[in-house]
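Peer 1: Next comes the sequence, and after it the predicted model I'd like to discuss.
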Amino acid sequence: MTEEVPYQPIHSTNSACKPEEIQSPIEKLATESTQLVSSSPIRQNRRVFAPLNTPLYRRRQTLTILIWWLLPWICLYISLLCLRSSNSYIFYGMIAYIIWMALFRQFTRRGGLRQQWFRRLPWWKWFAGYFPIQLHKTCDLPPDRSYIFGCHPHGIISLGAFGNFSTEATGFENKFPGINLRLLTLSSNFRFPFYDLYLSMLGLCDSSKESCNYILKQGNGNSLMLVLGGAKEALDARPSDEHILTLKNRKGFVKIGLIHGASLVPVFSFGENDLYEQVSNPRGSKIRRWQNYLQKKMGYSLPLFNGRGVFQYAIGFLPNRRPIDTYVGEPIDLPKLEHDKITPDIVDQYHKLYMEALTRLFDTHKAKHGQANATIIYADDDAK
């Protein structure tokens, strides 16, 4: 398996590199391959193949991402094999598992089956090293309260959120001791047998209101993370200096925070939108109306995206190697209010404070990542 080499962010104006005469062979390989990748082989309709002498550790990182991508389908395939098995124990065991999932399973809405040993596996270091993913702490978060983290942007598949907050690859437990965090995702992601156990062991839970309330009721330190833009925002995920965030009318997380007195924490991942190209689908276009329709019917949006392959960089479903730098901002403390005392004006007040804090976090750090002129555009779900 071969691999591409490090990449300078597309937003950066600094193209300087080491003089050729002082570069090591690996650095020379990186420089030459980066120039090829940066020349946009997709737009030129030609393939750029990975060099054969790629270091083993980079091949291992790519294998990790490939397996991560294919794992739902691997689990489905194993389930089908069990159902076709001539061994009655395997067959009826699989039937019992499916019935239990459909009728009795509760852990996806009850905090999951989080296992720290699983989150600490070296495998996840390889996963994070592929991009690489880095987690940046801007302030302490005392464990004497609960938090609702809002992660932005969604990107195509929220790889930054997964790498930082459902594994310990970037050191969340060391940076924020005492915070017992659950990353929330669509309930449909728990429909595949075995895959539901895998996600739950990483601490993922479904994003229903019931799940949110259960986690926050467990007491101080128990916190959750929502990728607030959701499927709608994925349709705007592409490399750009305009970050379109679907947040204007998404206020349910504020209301949940007020019910439990949980603090709101803005989180922004620079580089998340750079992982894939996406077919042009401006709001109001025919393709965008079709995507919005499917999203309403299925819960999933269908962004027409393109990344890279295993052996070439021009086309494929694997993400491109782009740095993801995730910043955790300062908390916004909310009062704990009775349900009947939470008015729309109060919700709007704290929602506005949250957006201001998110914008401030973005503006403070954007220049470090070659996005000095980048802006956030807040959109709503009804934007066509």
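Peer 2: Yep, it's here.

Peer 1: how many neighbours does Q116 have?
Peer 2: Residue neighbour count, defined by other CB atoms under 10 Å, stands at 10 for Q116. Quick note: C-beta positions are derived from backbone N, CA and C, even for glycine.

Peer 1: The one 5 residues further on too?
Peer 2: As a burial measure, L121 scores 14 neighbours (other CB under 10 Å).

Peer 1: which residue sits closest to it, ignoring its sequence neighbours?
Peer 2: Using CB to CB, 6 or more residues apart in numbering and skipping the chain neighbours, the partner closest in space to L121 is T167 (7.9 Å).

Peer 1: Quick check: which element contains the spatially closest residue to A231 that is not a sequence neighbour?
Peer 2: When the adjacent residues along the chain are set aside, A231 lies closest to S301, with 3.9 Å between them (CB to CB, 6+ apart). Secondary structure here is read from DSSP states H and E; on that basis S301 sits in neither a helix nor a strand.

Peer 1: dump the residue contacts of S301.
Peer 2: Under the criterion of CB atoms under 8 Å, 6 or more residues apart in numbering, the contact partners of S301 comprise A231, K232, A234, L235, Q291, N292, L294, Q295.

Peer 1: longest helix anywhere in this protein?
Peer 2: Looking only at the chain and at elements set by DSSP state H, the helix with the highest residue count is helix 56-83.

Peer 1: What is that helix packed up against?
Peer 2: Helices and strands touching helix 56-83, by 3 or more CB pairs under 8 Å, 6 or more residues apart in numbering; DSSP states H and E, are helix 88-103, helix 122-129, helix 195-201.

Peer 1: List the buried residues of that helix.
Peer 2: Under the neighbour-count criterion of 16 or more other CB atoms under 10 Å, helix 56-83 has R58, Q61, T62, T64, I65, L66, W68, P72, C75, S79, C82 buried.

Peer 1: Rounded mean pLDDT for that helix, please.
Peer 2: For helix 56-83, the mean pLDDT works out to 96.

Peer 1: starting at the chain centroid, how far to it?
Peer 2: Computed by CA atoms, centre = their mean, to the nearest Å, the chain-centroid distance of helix 56-83 equals 18 Å.

Peer 1: coming back round to it: how about TSV for the contacts of S301, with distance to L334 added?
Peer 2: Conversion of those to TSV gives the following (distance: CB to CB, whole Å):
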residue	distance to L334
A231	26
K232	25
A234	28
L235	30
Q291	34
N292	32
L294	35
Q295	30
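
Peer 1: now the residue nearest to S263 when sequence neighbours are not counted: how far from H365?
Peer 2: Excluding its sequence neighbours, the residue lying closest to S263 (CB to CB, 6+ apart) is P331, at 3.9 Å. Taking CB to CB, to the nearest Å as the criterion, P331 is separated from H365 by 17 Å.

Peer 1: Settle it for me: which of the two has more neighbours?
Peer 2: Between P331 and H365, counting by other CB under 10 Å, P331 is the more crowded of the two (20 against 17).

Peer 1: That one is in contact with V265, isn't it?
Peer 2: Yes: applying CB atoms under 8 Å, one finds P331 in contact with V265, separated by 5.0 Å.

Peer 1: Show me where this protein has its strands.
Peer 2: Taking DSSP state E as the criterion, the chain carries its strands at 133-137, 147-152, 180-185, 204-206, 222-227, 242-246, 263-270, 277-278, 305-306, 324-328, 375-379.

Peer 1: So which other helices or strands are in contact with the fifth one?
Peer 2: Spelled out, it's strand 222-227. The contact analysis (3+ CB pairs under 8 Å, 6+ apart) places strand 222-227 against strand 147-152, helix 159-165, strand 180-185, helix 209-217.

Peer 1: Which residues does that strand contact?
Peer 2: Strand 222-227 is contacted by residues 111, 146-152, 154, 158, 161, 165, 179-185, 205, 207, 211-212, 215-216, 253, 262, 267 when judged by CB under 8 Å, 6+ apart.
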